[in-house]
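Trainee: take this sequence and fold it.
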Amino acid sequence: MIAPILALEAFRDHVRNKDVILLIDSEAVQASLVKGYSSKKIFVSSSNFSGSFRSNTEPISSSIEFQLTPTLPTGHREIISRSARRRGGRLYFVRGLQRSHENGLWAWELELLAAVKRRDLKEMRQRLDAARAVNVEEEKVLEASRKLALGEIKEGTKLQDAEMLLRALDEGRAAGLTENQLYTGKSAYLKMQAAAVAESTDMEDFRSVLAVAAEMGLPEHQDLAGTRRRLALLELREAADGTGISKLQQCIQSAKEHGVDKDDIDKGTFRLCVLELQQATVDFDSERLRDAMLEAKERAAPGELFPPAKRKLASIFPEAFTEWMLVELEETLAALDDDSSSGDLRAVLQEAAEAKVEEEDLKRAEERLAKLELREAATMSDLPEIERILNNAQVYGWDVSQGSAGAMYEAASVRRRELQAEERKVDCKQNLDLAVLTLDLNMMRQYIEEAKELGLDKEVIERAEAKYQEYA
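Mentor: Numbers count the residues shown, from 1 in each chain. Predicted coordinates for the structure are as follows:
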């Protein structure tokens, strides 16, 4: 007997001013609910019901009476009878249902409510479609639609079904679900979309996902951090392959904001330095050119970029060029060691002299260059160059030095003598061959003696002697 009372109280807001059907399987309970007492014996104390069910403040209905209904309106008898048989009881109804029966809507409402109660998503959708087709009261349809949407959001998240989630979100929003109620579904859907394009190399895939997130009101959702980072990386790489300075600057900034790997950012920054230096080289902005050269130098840009930049700097800003060459000369000197080549220092020193770097700085570099050349002279094959280097070394007194400079001077001198001897051998052989060819006996005798002294090949000497003996 308590069940009908509790049901009406619990669902008071839903059944107020509505026609209600109660299925009662006890005559004693039916009589007690209608009259407040029953001649049948029941196992609870009879209560006096006035025919109005009240809450703490207001009645649910103004007049409720229960009657046994032996027949049903045509077209609905089978449905309601079947429902009654399932519950194993008799069917009672509240007076006033005739209007609903005439409209033919009450059965659809019952089926819809039953489907919602069973939480069968497939059945709920079927009942909703049917209820809409017969114009069931809009509020009831919306309530069922909200419950269906929430159920499908939960199910779609569990099954990782993006199509179901998107449909549930659209229908839930149309049915009046709040953004908080939709948040879980939105998050799950965006997470699925992000995972689907995670390894893509097409930037449009990532932009599409972010556009959907913005449309859903979640442009900064935490699950899209990887999507934004991947898009920033792809945009950075594309910009680095191009020649647009502004675009590359924007992409570098975006990459930093979204946590792109430092190595990729450094590559983009390097490319930016190159582009800025190239652009500054053709412009006439001396400050920009100098700054671009400094930045490119710090980033170790390709060396071939600097000669045209330095020539441009020398033409539009000579003072800056002099300063640049002084710094470059000092850096070159600082980077030298015992194994360094003299070529790098020689080229910088020549440019520094052309840039009119102060004489004192040039002399210091020239002395260092002379020592490097002296060390290299011991392995050279250019006799005139060795002669120049040795003469230059004598200016610094290294020919009489007892230290490392003196040792290098001696090694270079030995190399000079070796080359001089080889040169004499070549000349002696050429002269000897000429004497044999012309049968000049005096020249033959002279160069045969010199050939023996220089250690020419014995076969050459013997052939010349035989010729000499033949005509002597």
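Trainee: start to end distance for stretch 130-145?
Mentor: Stretch 130-145 has an end-to-end distance of 13 Å (Cα to Cα, to the nearest Å).
Trainee: tell me which residues in the longest helix along the chain are buried?
Mentor: Longest helix in the chain by number of residues (criterion: DSSP state H): helix 404-438. Buried residues in helix 404-438, counting neighbours by 16 or more other Cβ atoms under 10 Å, are found at 405, 408-409, 412-413, 415-416, 419, 425, 428-429, 431-432, 435-436. In short, each C-beta sits where N, CA and C put it, glycine included.
Trainee: what's the answer for stretch 202-209, then?
Mentor: When neighbours are counted by 16+ other Cβ under 10 Å, the buried residues of stretch 202-209 are found to be 203, 205-206, 209.
Trainee: got the contact list for Leu231?
Mentor: Applying Cβ atoms under 8 Å, 6 or more residues apart in numbering, we find Leu231 in contact with 203, 206-207, 210, 258.
Trainee: and it, how far from Asp202?
Mentor: 10 Å (Cβ to Cβ, to the nearest Å).
Trainee: swap in Leu372?
Mentor: Here the distance between Leu372 and Asp202 works out to 55 Å (Cβ to Cβ).
Trainee: so which helix or strand takes in Leu148?
Mentor: The secondary structure element spanning Leu148 is helix 138-159 (assigned by DSSP states H and E).
Trainee: residues in contact with that helix: which ones?
Mentor: 109, 112-113, 115-116, 119, 121, 124-125, 127-128, 131-132, 161-162, 164-165, 167-169, 171-172, 174-177, 181-182, 184-185, 188-189.
Trainee: repeat that for 6 Å
Mentor: Contacts with helix 138-159, where a contact means Cβ atoms under 6 Å, 6 or more residues apart in numbering, come from 112, 116, 121, 124, 128, 131, 164-165, 168, 171-172, 175, 177, 185, 188.
Trainee: now the two most distant members of those residues.
Mentor: Comparing all pairs in those by Cβ to Cβ, the longest separation belongs to Ala131 and Ala188, at 28.0 Å.
Trainee: thinking again about what came up before, out of the buried residues of helix 404-438, which comes closest to Lys262?
Mentor: Out of the buried residues of helix 404-438, the member with the shortest distance to Lys262 (by Cβ to Cβ) is Met408, at 45.6 Å.
Trainee: list the contacts for the residue nearest to the closest one when sequence neighbours are not counted?
Mentor: Beyond its immediate neighbours in the sequence, the residue positioned closest to Met408 (Cβ to Cβ, 6 or more residues apart in numbering) is Leu374, lying 4.7 Å away. The contact partners of Leu374, by Cβ under 6 Å, 6+ apart, come to 389, 393, 408, 412.
Trainee: pLDDT score for Leu374?
Mentor: Confidence at Leu374, expressed as pLDDT, is 92.
Trainee: before we move on, what about Met216?
Mentor: According to the per-residue confidence, Met216 scores 91 in pLDDT.
Trainee: cross the buried residues of stretch 202-209 against helices and list the overlap.
Mentor: Judged by DSSP H, the subset of the buried residues of stretch 202-209 located in helices is 203, 205-206, 209.
Trainee: and which of the residues you listed is nearest to Leu22?
Mentor: Relative to Leu22, the closest of these is Val209; by Cβ to Cβ it sits at 52.4 Å.
Trainee: got the contact list for that closest one?
Mentor: If you count contacts by Cβ under 6 Å, 6+ apart, Val209 has them with 193-194, 227.
Trainee: by neighbours, which of those residues wins?
Mentor: Thr227 (25 neighbours; other Cβ atoms under 10 Å).
Trainee: sec struct for it, please.
Mentor: Classification of Thr227 into helix, strand or coil gives helix, according to DSSP: H, G, I helix; E, B strand; the rest coil.
Trainee: isn't it up against Ala194?
Mentor: Yes. Applying Cβ atoms under 6 Å, one finds Thr227 in contact with Ala194, separated by 4.7 Å.
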